[in-house]
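**Q** Have a look at this prediction, sequence included:
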Amino acid sequence: MEELEPSFGIDPFANQADLLNQDDREDSELKKKKKEKAEKINADSVQDKYIHIRTQQRNGRKSLTTLQGINPKINKKIILKECKKKFNCNGTIVEDSELGDIIQLQGDQRKNVAQFLIDEKISKKEFIKVHGS
């Protein structure tokens, strides 16, 4: 007499076509989730592609340099600390609901900041936009 092997998780009375359709549905759901995840990653990379460096006139000869669009994965506190040391200026990080975190530095530091980002390999030259040059 032959012994039957236990079949855990498989219904022996189920229709083979039903089992195949269930596998196809699971595969299509996985593919759909992977596609959505890839689209989200692409949308994020396009949105944060450029780094914008601007200057804002305050009063008299005083001005602010703003740095916007840095990758969210990069620690902005470290960038701010290094910029403050290197350019002998003060600065802060401003949180904006629409634009994300913005680094503000005292004085017109556009050229210095652009060169710093390139030297530290935070961004390539073609992805840095300096406004108001």
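**A** Right, received. Where do you want to start?

**Q** Helices of this structure, start to end?
**A** Applying DSSP state H to the chain gives helices spanning 16-47, 76-87, 110-119.

**Q** tell me the domain boundaries of the protein?
**A** Domain assignment for the chain by automatic domain parsing gives 14-47, 49-130.

**Q** which of those is buried the deepest?
**A** Among the domains of the chain, domain 49-130 has the highest mean neighbour count (mean count of other C-beta atoms under 10 Å), at a mean of 15. Every C-beta, even on glycine, is put in place using the N, C-alpha and C of the backbone.

**Q** thinking again about what came up before, tabulate the domains of the chain (JSON lines), appending mean pLDDT.
**A** Below are the domains of the chain laid out as JSON lines (pLDDT from 0 to 100):
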{"stretch": "domain 14-47", "mean pLDDT": "61"}
{"stretch": "domain 49-130", "mean pLDDT": "93"}
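
**Q** so what's the backbone phi/psi at the residue nearest to Gly107 when sequence neighbours are not counted?
**A** Closest residue in space to Gly107, ignoring its immediate chain neighbours: Cys89 at 5.1 Å, by C-beta to C-beta, 6 or more residues apart in numbering. Per-residue torsions, Cys89: phi -140, psi 170 (degrees, to the nearest 10).

**Q** Repeat that for Asp108.
**A** Backbone torsions of Asp108, given as degrees, to the nearest 10, read phi -90, psi 100.

**Q** right, and it touches Ser63 too?
**A** Yes. Assessed by C-beta atoms under 8 Å, Asp108 is found in contact with Ser63 at 5.1 Å.

**Q** so what's in contact with those two at the same time?
**A** Counting by C-beta atoms under 8 Å, 6 or more residues apart in numbering, the contacts common to Asp108 and Ser63 are Thr55.

**Q** Please name the nearest non-neighbouring residue to Leu99.
**A** Nearest non-adjacent residue to Leu99 (C-beta to C-beta, 6+ apart): Gln68, at 5.8 Å.

**Q** ok, the one you found touching Lys76?
**A** No. Gln68 is beyond contact range of Lys76, at 10.6 Å (criterion: C-beta under 8 Å).
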